[in-house]
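In: Provide a 3D model corresponding to the input given below.
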Amino acid sequence: MNTREIAKELRLSHWAGLMRERKQSGLSISAFCKQIGISYKTYYYWQRKLREAACQELLAHTQADPVSTDSLSVPIGWATCEISSKAEENILPIEINGCRVLASVDTDAEFLAKTCKVLMSLC
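Out: Next up is the predicted model:
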C-alpha cells in the first residue's frame, strides 16, 4: 500500500468516526456540522465517499470469493448482503436503502457498481 492509499484510508476512517459520532449524538446533520465547525456540504461529500468505498469493497470481496462467503458486513443502514449457501443458485441479493437487487455470477461488475452507487445516493 502506497502513501496515497494510506492517506485515503486515514481520511475515510476519520470521517467514518465523525459520522458514527453524529449518529450517537442524536443531532441532526446540520446541527452536528455547526457544533464541530464544518460545512454540511463537506459532511455529505464524505458520506458519499464512504458509501462509494463500502460499495467498492463489497464488490471486490464478492468477486474474490463469491461462493464461500456466508454474509458480508457494511455499515448498518447502508447495505445488507447475503449470499445463498446453495452453489447452484449463484444469486447475490443486495439490499441498499430498502431496495433489493439480485445479482448473479454473470452480472456485469461495472453495472453492479453503478447500481450500488445510485442506490447509495438515494438516502
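In: ok, which stretches of the chain are strands?
Out: For the chain, the strands defined by DSSP state E occupy 71-72, 79-82, 91-96, 99-104.
In: tell me the mean pLDDT over the second one?
Out: The pLDDT scores in strand 79-82 average 53.
In: my guess is Trp46 contacts Trp15, does it?
Out: Yes. Counting by C-beta atoms under 8 Å, Trp46 does reach Trp15; the two are 4.0 Å apart. In short, each C-beta sits where N, CA and C put it, glycine included.
In: Go through the strands of the chain and find the least confident stretch.
Out: Of all the strands of the chain, strand 71-72 has the smallest average pLDDT, which comes to a mean of 49.
In: Relative to Phe32, how far out is the residue lying closest to Gln47 once chain neighbours are set aside?
Out: Of all residues not flanking Gln47 in the chain, Met19 sits nearest, at 6.5 Å (C-beta to C-beta, 6 or more residues apart in numbering). Separation of Met19 from Phe32 (C-beta to C-beta, to the nearest Å): 9 Å.
In: anything in contact with each of those two?
Out: Both Met19 and Phe32 are contacted by Tyr43, under the criterion C-beta atoms under 8 Å, 6 or more residues apart in numbering.
In: Pull the number of nearby residues for the residue nearest to Gln47.
Out: Met19 has 17 neighbours, counted by other C-beta atoms under 10 Å.
In: Same check on Phe32?
Out: For Phe32, using other C-beta under 10 Å, the count is 19.
In: what's it in contact with, if anything?
Out: Contacts of Phe32 (C-beta under 8 Å, 6+ apart): 21-22, 25, 43.
In: same thing but at 6 Å, please
Out: Taking C-beta atoms under 6 Å, 6 or more residues apart in numbering, we find Phe32 in contact with Arg22.
In: Now do Ile29: how many residues are near it, please.
Out: 14.
In: Model confidence score at Leu122, please.
Out: Looking at Leu122, its pLDDT reads 62.
In: I'd like the distance from Leu10 to Ile94, if you could.
Out: 28 Å.
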